[in-house]
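Asks: Show me the folded form of this:
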Amino acid sequence: MANRIPIQEWLGFIDSEYLSTFIKDGGASVKFAITPEERKAELYGALKARCRALDYVLVELDAVTSRVHMPQDIFFALARQIDWRVTARRMVRRLAEEKGFNVEDVAKAENSTNIYDALGRANQTEARLVLQEIRPEVVRQVFRNQNMARDFKVAMTHLCTSLDSGASDQPLLDWLSGANTRISNVRPFSIRTSINRTTARHFIESALYWVRHAGLAGTVVLLENSRVTVARNPRDGIRYYSRPMTIDHYELLREFIDDVDRLAATLMVVVTNYDFIDEQAARGWDIYSALKTRIMDDVRDRNLVNPIAALVRLT
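Replies: Model (predicted):
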């Protein structure tokens, strides 16, 4: 059995070498953590607490509840866990501060009050006049930003310039979260692209970039994929992954690793089990060697564990 590292010790390295420094500065990394079932709650709890302290968005994905072999489903699950109105509010607040507005009494996260109403009250002016001042910066820093997909930044631009953040925004939020994927619902916003298997990767990259651009530290994605390693259908009423579906999932992970530079300020932790690396397992990484060769240990010490390796075994 290969050497293992205690969860808290590994988390200490993740905090000091990644969350507090590298990821916060815009870097990105994909890690694999083989975690005993009884210790997963501890791992999740510690990462959630640290994300709250450092102002990260935490996204939890699970192969049981989401089709993790489909990139559009990963985006929809991510989108459902991000408060887009809050990110737009934070973006507008930052732009207002850059423009010289008083923002001290305007909360970053509260979304019950329109941001322009709040800025108007704080600066003793009308909301529409604040919007008139800030709109050119929204166009420059959001709508014309080349780091985001065209239709994604159209949606964010609308959220940043809406004086009515109520029902008028709902079609956009439904489109982003996958609640209603029909383009006809968002065509009035000049959106023309469906979020599907072909386009989803661009939307994932855009969303991760936007989170940091809006003023948060970044994004931590916890992806629990133990279910994809189940070789024989247990008929338990839970989603089952066939061999081709498992290969598609591994290929998607491999693409995230290869394009990690496009995942702005993001730490992705794939939480998995020992079947994932078991050479005898029918659904382990041996069925897709392109992923295995990217995360396996090339050089190992007999006694010490490399805590910042791509794959670690936790205990």
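
Asks: for this structure, what are the low-confidence residue spans?
Replies: Across the chain, the ranges flagged by pLDDT under 70 are 1-2, 109, 111-112, 164-167, 298-303.

Asks: tell me the domain ranges of it?
Replies: As given by automatic domain parsing, the domain ranges for the chain are 7-70+200-313, 84-189.

Asks: Quick one: closest of the ones you listed to Leu78.
Replies: domain 7-70+200-313 (5.1 Å; C-beta to C-beta). C-beta: built from backbone N, CA, C; applies to glycine.

Asks: for that closest one, the distance to its chain's centre please.
Replies: 11 Å (C-alpha atoms, centre = their mean, to the nearest Å).

Asks: Endpoints of that domain, how far apart?
Replies: With C-alpha to C-alpha, to the nearest Å as the measure, domain 7-70+200-313 spans 9 Å from end to end.

Asks: Enumerate every residue touching Arg150.
Replies: Applying C-beta atoms under 8 Å, 6 or more residues apart in numbering, we find Arg150 in contact with Thr193.

Asks: And Arg227, by the same measure?
Replies: Going by C-beta under 8 Å, 6+ apart, Arg227 touches Asp62, Ala63, Val64, Ile238, Arg239, Tyr240, Tyr241.

Asks: So which of those residues is the closest to Glu137?
Replies: Asp62 (38.5 Å).

Asks: For the residue found closest to the closest one once you drop the neighbours it is linked to in the chain, give its distance to Ser177.
Replies: Distances taken as C-beta to C-beta, 6 or more residues apart in numbering put Glu224 closest to Asp62, at 4.6 Å, once the chain neighbours are dropped. Separation of Glu224 from Ser177 (C-beta to C-beta, to the nearest Å): 20 Å.

Asks: Compare the two and say which one has the larger neighbour count.
Replies: Neighbour totals were compared for Glu224 and Ser177, and Glu224 leads with 22 against 19 (other C-beta atoms under 10 Å).

Asks: my read: Ala63 touches Met245, true?
Replies: No - Ala63 is not in contact with Met245 according to C-beta atoms under 8 Å; the separation is 9.9 Å.

Asks: anything in contact with each of those two?
Replies: Val228.

Asks: more neighbours, the two?
Replies: Higher neighbour count among Ala63 and Met245: Ala63, with 23 against 18, using other C-beta under 10 Å.

Asks: Name the nearest residue to that one, ignoring sequence neighbours.
Replies: Arg227 is the one closest to Ala63 (C-beta to C-beta, 6+ apart), at 3.9 Å.

Asks: Name the SS class of that neighbour, please.
Replies: helix (DSSP: H, G, I helix; E, B strand; the rest coil).

Asks: returning to that earlier point: redo the domains of the chain as a markdown table? Include distance to Leu78.
Replies: Listed next are these as a markdown table, based on distance: least, C-beta to C-beta, whole Å:
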| stretch | distance to Leu78 |
| --- | --- |
| domain 7-70+200-313 | 5 |
| domain 84-189 | 9 |
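
Asks: those strands in this structure, which residues are they?
Replies: 28-34, 56-62, 218-224, 266-272, 311-313 (DSSP state E).

Asks: Dump stretch 115-126 to CSV, keeping only the CA atoms.
Replies: Below are the C-alpha coordinates for stretch 115-126, written out as CSV (Å, rounded to 0.1, in the frame of the first residue of the first chain):
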residue,chain,number,x,y,z
ILE,A,115,-27.6,47.9,-6.2
TYR,A,116,-28.4,51.2,-8.0
ASP,A,117,-31.0,52.1,-5.4
ALA,A,118,-28.5,51.4,-2.7
LEU,A,119,-25.8,53.5,-4.4
GLY,A,120,-28.3,56.3,-5.1
ARG,A,121,-29.2,56.5,-1.4
ALA,A,122,-25.6,56.4,-0.3
ASN,A,123,-24.7,59.2,-2.7
GLN,A,124,-27.9,61.2,-2.4
THR,A,125,-28.7,60.9,-6.1
GLU,A,126,-31.1,58.9,-8.4
